[in-house]
Structure formats: C-alpha cells, structure tokens
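Asker: I would like to see how this sequence folds:
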Amino acid sequence: MMTHDEMIKKMLENPAVKAEYNARSAEFALFEELLKARHQAGLTQADVAKRMGTQTPAVARLESGGGYKKHSPSLATLHKYADAVGCRLEVKLVPR
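Answerer: Okay, here's the model as predicted:
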C-alpha cells in the first residue's frame, strides 16, 4: 500500500494532474496554514467552530477547500477563523 506522499508523487507524474495541482497551489498553501494554526493552538475543529459561532462541519469544509460547492471563503470568515485559533489574518500581494 502506498503512503499519501507516494500517491501524490505518482499522481503528479500525469501532466494534466500536475498542471491543475500547480494552478491550485495557493489554495493548498492556505488550507495548510489553517490546519497548522489550529494544531499549534491545540484545538479541535469543534473548538474552533464554537469560537467562531458555527458548526463543526463548516470548519471541516473550510479546512478542506470549501466542500462540494467549491466557493472561496470570505475575508470575514478567514478573520473569524484566525481569531478562533489565536492568530491574526494577514493578506498580501507578492510579485510573481
């Protein structure tokens, strides 16, 4: 059985998959930051949901990329999440 990293490496050998993966790299980085902040705060999704005034499934969708509707989270939602995990949200533009 392949590990998660081995599976990703194999999938990225496909040029179409690699192109889509690269196109979404900023989104993946955001979701990784959300998870890292929650883990560093020692909180569960349920803890974060309670602090945000929402339900656990909403936090799970946020951390996994928006769920089946694939909408981008609002800045207000990201601010609430950041507050809930003891962080502040910082948005910046970076030259390509």
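
Asker: Residue 7: which element?
Answerer: If you go by DSSP states H and E, residue 7 is part of helix 4-11.

Asker: The next helix or strand after that helix to helix 4-11, inter-axis angle?
Answerer: Once the chain leaves helix 4-11, the next helix or strand it forms, by DSSP H and E, is helix 15-23. Angle between the axes of helix 15-23 and helix 4-11 is 120 degrees (criterion: axes from the mean of the first three to the mean of the last three C-alpha atoms, to 10 degrees).

Asker: Report the distance from helix 15-23 to the chain centre.
Answerer: 18 Å (C-alpha atoms, centre = their mean, to the nearest Å).

Asker: Provide the contact partners of that helix at residue level.
Answerer: Residues from elsewhere that reach helix 15-23 (C-beta atoms under 8 Å, 6 or more residues apart in numbering): 11-12, 28. In short, each C-beta sits where N, CA and C put it, glycine included.

Asker: swap the cut-off to 10 Å and go again
Answerer: The set of residues external to helix 15-23 that reach it, using C-beta atoms under 10 Å, 6 or more residues apart in numbering, is 8, 10-12, 14, 28.

Asker: Fine, thanks again, bye for now.
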